[in-house]
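**Q** Okay, sequence plus prediction incoming.
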Amino acid sequence: MSDTSVQQEPLDQLLRLPAGDDVWQLRAVSMREWPEPDTGAGRPPDTVLVISKDQGRMGMGVVRDTHTSPLPAAFEALLSLARGRRPFLRPASVEVDDASLHVVLGPALEACGIACRLEERMDLLDGAIATMAGDIADRAQRPGLYSNIESAQLRSFAEAMALFSERRPWLHLSAVDVIQIEAPSGARHPAWFTVNGGSGVHFGLIFVYDRRDLINLFRGEYSRSHLDQLEIWSVGFVSGREMPLSDVRRWKQDALPISLAGRLPHASRQLAGGELALLTSKQLAHVEAAIRAVSLCTEDELDTGRWERLVVTSEGDVTVRLAVPALLEEEDDDAGPLGPPMGRELWRNEATMREISRLMSEQKFESPDHAELFLQQHLLGRVIEPREPETPRERAEAMVQKANLYQDRRRTRLARRALSEWPDCADAYVILAQDMPDDERAVELYRQGVAAGERAMGSAMLAEHAGHFWGALETRPYMRALAGLAQTLIESGNRNEGVALYRELLRLNPADNQGIRTLLIPELLGLSRYAEAREVLAEFAADYSAGLQWSRALVEFAECGDSPGAQEALAVAMRANTHVLKYLVGSSPLPRRLPSEYRPGGDDEAQIAAAELLKVYEAVPGSLEWLRAARLNAKKAGKAKRRAR
């Protein structure tokens with residue numbers, strides 16, 4: 001084997017993971033020996049597979065160049081398995097059955113504290129590989145999804161899906177935006193669909209015959225048995241490994257377009273009763289026309305609620321008319337299929353506060369006592385109805401307030417209208433950024449929101465209110481834009497700039513009405529900036545929430561090890577919320593969806609705190625072992641206490 005080196009970064013990444021006691025088996029296999037052809041989507045001919053003997057989970061690495069050592073691919077496989085499930089742990093040892101691989105892999109693993117053993121047999125990995133080969137053989141027997149479709153139509157459909165991937169309509173339409181196909185019409189084909197992709201997981205379209213079925217799907221009101229009684233057409237993208245082999249071969253032989261990270265278009269329909277069926281030629285043409293029309297629409301067309309497109313399909317030119325009924329109906333307080341979003345009351349309260357501020361500013365009080373008397377007599381205890389907005393700013397603020405009633409396209413449309421009315425409406429940019437699935441574009445929208453907030457306030461207000469922002473209503477849109485920008489920068493990998501913005505938010509508003517400290521401290525810990533984390537923790541010494549207390553414990557351990565100070569900080573954290581421990585050490589898995597609210601000291605608070613801190617605990621060598629030892633000692637102490645009773 002030539003080029004037996006491996007980059008330092010994979011070694012460091014593996015070394016940073018806490019040590020586990022699992023044994024893994026690893027082998028380089030030639031995928032060319034399996035009955036699956038190259039899809040043309042960049043699939044490598046060789047692969048490194050690794051399996052956990054304790055859990056049976058697998059990891060995979062790609063050999064980029066078959067003329068070099070598989071060592072980099074081996075570390076890719078090891079890291080993919082190590083990070084596949086929390087808690088992230090490196091193995092105690094790795095078994096291989098190839099002497100030449102053992103020669104190059106052994107020293108590299110030993111540098112990470114992992115033993116490497118040469119074994120004659122690896123039955124577990126043999127079984128897993130046999131299962132994978134059997135799955136491929138099964139796929140070879142499955143009928144193709146497009147076996148009844150002529151080549152010209154299949155190419156036209158593949159090009160439509162490539163257009164969908166290129167134009168990304170999911171950036172402007174969420175899964176809750178129900179779209180109607182008004183023309184061409186026909187009772188034999190479903191007339192309602194929704195676009196998926198905003199979650200970043202599933203990309204495609206779902207077609208049904210009844211609008212109410214989509215709404216009930218959003219609300220989660222259908223059981224599995226009820227879903228099985230619906231006829232649903234679905235179009236999306238899947239890996240070539242999930243497609244029947246005849247379709248994969250056809251895609252390669254006909255050189256059909258491959259899009260969305262090398263995935264292949266997948267189209268099928270579920271019949272009432274749950275059985276899957278192929279789309280006929282006519283049905284696929286119906287789907288293709290809708291795909292092209294929704295992919296080509298502009299935001300301005302979309303916001304009209306109804307638009308037409310002449311599209312070229314496999315059956316010739318077709319005029320497609322689409323509509324979004326929610327955009328055509330009169331805007332009211334109906335929040336849509338998902339109900340009102342969180343924070344609805346906050347916007348109502350701010351509108352009331354703005355109206356009170358306006359009424360007070362219109363009075364010419366002779367003294368503070370007169371102002372207090374007016375407040376008592378005319379405002380307190382009364383429902384304050386906002387007046388009809390008169391200025392561009394007031395009209396834009398009213399649109400933003402209404403936009404925050406919705407979770408569908410009505411929200412985006414109102415935000416766009418608010419900016420047309422008043423370009424300095426920072427909250428409108430915040431809405432557009434929040435609803436933008438693309439991080440790069442969201443960052444730009446937040447930056448525009450920050451700039452708009454600065455223009456709306458002016459430099460004098462920025463200087464005057466520094467230190468007590470948020471108390472002045474005029475500062476809140478700017479603060480929301482700045483907080484959103486910081487969070488999105490961090491999520492997109494620009495952690496240092498995001499942290500700097502969090503620090504700026506605390507400088508402007510030390511009272512931290514936005515809860516920035518709970519976001520900033522885990523980031524500082526993740527960057528090993530412990531001194532800064534101590535500073536922020538000291539500023540909020542009276543905050544006994546679980547997140548901050550468990551952060552204090554980690555800072556003490558990271559800087560001082562298992563010291564008396566660290567033990568005391570851990571004891572305080574346990575008193576704040578003992579449930580956090582079980583999630584950090586992995587004895588209880590975190591739920592996929594975190595609670596939206598919590599009770600101090602409760603299990604729901606523990607889930608939120610552990611989700612924020614788990615990664616940073618994992619990054620501090622020895623911290624999870626320290627917690628496990630503390631948990632074991634606590635259990636022993638509890639048993640001893642019960643025996644003494």
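**A** Sure thing, it's come through.
**Q** Helices of the stretch 201-350 of the chain, residue ranges please.
**A** 211-219, 224-227, 245-253, 281-296, 299-304, 325-328, 344-362 (DSSP state H, counting those that start in this stretch).
**Q** Which one of those lies nearest to L375?
**A** Closest to L375 of the helices of the stretch 201-350 of the chain, according to C-beta to C-beta: helix 344-362, at 7.4 Å. Yep, even glycine has a C-beta here, placed from its N, CA and C like the rest.
**Q** coming back round to it: let me know which of the helices of the stretch 201-350 of the chain is tucked in deepest.
**A** By mean neighbour count, with neighbours taken as mean count of other C-beta atoms under 10 Å, helix 281-296 ranks first of the helices of the stretch 201-350 of the chain at a mean of 22.
**Q** Pretty sure T475 sits against A466.
**A** No - using C-beta atoms under 8 Å, T475 is not in contact with A466; the gap is 9.5 Å.
**Q** Show me which of these two is the more surrounded one.
**A** T475 (22 against 13; other C-beta atoms under 10 Å).
**Q** can you pull out the strands in this protein?
**A** 23-30, 46-52, 58-62, 93-96, 115-118, 179-183, 192-196, 204-208, 232-238, 264-270, 276-277, 306-313, 316-323 (DSSP state E).
**Q** Can you tell me which of those is nearest to G449?
**A** Nearest of the strands of the chain to G449, taken as C-beta to C-beta: strand 192-196 at 25.4 Å.
**Q** returning to that earlier point: ok, which of the strands of the chain comes nearest P437?
**A** strand 192-196 (10.9 Å).
**Q** re the thing from before, with distance to R393 and mean pLDDT added, can I get the helices of the stretch 201-350 of the chain in TSV?
**A** TSV is the format used below for those (distance: least, C-beta to C-beta, whole Å; pLDDT from 0 to 100):
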stretch	distance to R393	mean pLDDT
helix 211-219	34	84
helix 224-227	47	78
helix 245-253	55	89
helix 281-296	35	96
helix 299-304	22	96
helix 325-328	25	94
helix 344-362	10	67
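**Q** Present these as a markdown table; the columns should include distance to L594.
**A** A markdown table is the format used below for the helices of the stretch 201-350 of the chain (distance: least, C-beta to C-beta, whole Å):
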| stretch | distance to L594 |
| --- | --- |
| helix 211-219 | 20 |
| helix 224-227 | 24 |
| helix 245-253 | 38 |
| helix 281-296 | 32 |
| helix 299-304 | 32 |
| helix 325-328 | 29 |
| helix 344-362 | 20 |
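**Q** looking at those, which is closest to A576?
**A** Nearest to A576, of all the helices of the stretch 201-350 of the chain, is helix 344-362, at 26.8 Å by C-beta to C-beta.
**Q** follow-up on the earlier one: overlap in contacts, T475 and A466.
**A** Counting by C-beta atoms under 8 Å, 6 or more residues apart in numbering, the residues touching both T475 and A466 are L508.
**Q** could you pull out the helices for the stretch 401-550 of the chain?
**A** Counting by DSSP H, counting those that start in this stretch, the stretch 401-550 of the chain has helices at residues 409-421, 426-434, 439-457, 459-465, 476-491, 495-508, 517-526, 530-539, 546-560.
**Q** shaky segments in the stretch 351-500 of the chain?
**A** 351-353, 355-356, 359-360, 371, 377-384 (pLDDT under 70).
**Q** and P143, what does it touch?
**A** Neighbouring residues of P143 by C-beta under 8 Å, 6+ apart: P244, S246, L278.
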